[in-house]
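Trainee: sequence below, structure please.
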Amino acid sequence: MTPLRLPTALRLLRRGIGVAGMIAVGWVIVQLYQFMAPVSPATFDPAAWRDPIDHYDRNNPRSRMVDDVMGRLTVGMSPAAVTDLLGPPDIPGDDCAYYHIGWRSQMMDPDSLAVCYADGGVSTVRIHHH
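Mentor: Alright, predicted model coming up:
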């Protein structure tokens with residue numbers, strides 16, 4: 001077998017780099033599509049909401065239910081009523097309680113549902129982007 005001449009080896013190397021580059025670009029496009037795909041809404045399911053979840057799970061069922069949950073939380077609702085509905089918060093606080101919902105906004109970090117209180121009841125409910 002004759003050794004490859006340098007120009008032939010360089011052409012093969014360039015071709016291999018070109019193919020690898022196209023594969024890498026294709027992979028990035030697929031990942032961006034999956035990352036940016038909209039979340040399909042779902043009706044609030046108390047059992048599914050209360051199941052132990054991984055905050056970093058991209059398929060967190062809470063992210064699909066959060067719109068319905070936000071509609072169920074009303075201004076003035078007591079913290080006890082919120083806990084009865086959603087269970088204990090993942091991050092309790094004096095002013096706001098946070099429930100992990102995963103990558104709702106498609107930002108760099110997972111999001112949370114922030115239920116904020118004033119005067120003994122719910123004052124605001126919002127998606128908290130970390």
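
Trainee: check contacts around the residue most central in space within the chain.
Mentor: Nearest to the mean C-alpha position of the chain, by Cα atoms, centre = their mean, lies Trp103 at 0.9 Å. Applying Cβ atoms under 8 Å, 6 or more residues apart in numbering to Trp103 gives the contacts Phe35, Arg58, Asn60, Ser63, Pro110, Asp111. C-beta here means a position set from N, CA and C on the backbone, and glycine is covered the same way.

Trainee: and of those residues, the nearest to Ser123?
Mentor: For the contacts of Trp103, the residue nearest Ser123 by Cβ to Cβ is Asp111; the value is 19.5 Å.

Trainee: the residue nearest to the closest one when sequence neighbours are not counted: how many residues sit nearby?
Mentor: Leaving out its chain neighbours, the residue that sits closest to Asp111 by Cβ to Cβ, 6 or more residues apart in numbering is Arg104, at 4.4 Å. By other Cβ atoms under 10 Å, the residues close to Arg104 number 20.

Trainee: wait, Arg104 touches Pro61, no?
Mentor: No - when contacts are counted by Cβ atoms under 8 Å, Arg104 is not listed as touching Pro61 (11.7 Å).

Trainee: and Asp94, what pLDDT?
Mentor: As predicted, Asp94 sits at a pLDDT of 87.

Trainee: okay, and it sits in which element?
Mentor: Secondary structure assignment for Asp94, by DSSP states H and E: no helix or strand.

Trainee: same thing with Thr124?
Mentor: strand 121-129.

Trainee: for that strand, which positions count as buried?
Mentor: Val122, Val125, His128 (16 or more other Cβ atoms under 10 Å).

Trainee: burial of the nearest residue to the first one once chain neighbours are set aside, as a residue count?
Mentor: Distances taken as Cβ to Cβ, 6+ apart put Met77 closest to Val122, at 4.4 Å, once the chain neighbours are dropped. Met77 has 18 neighbouring residues, counting by other Cβ under 10 Å.
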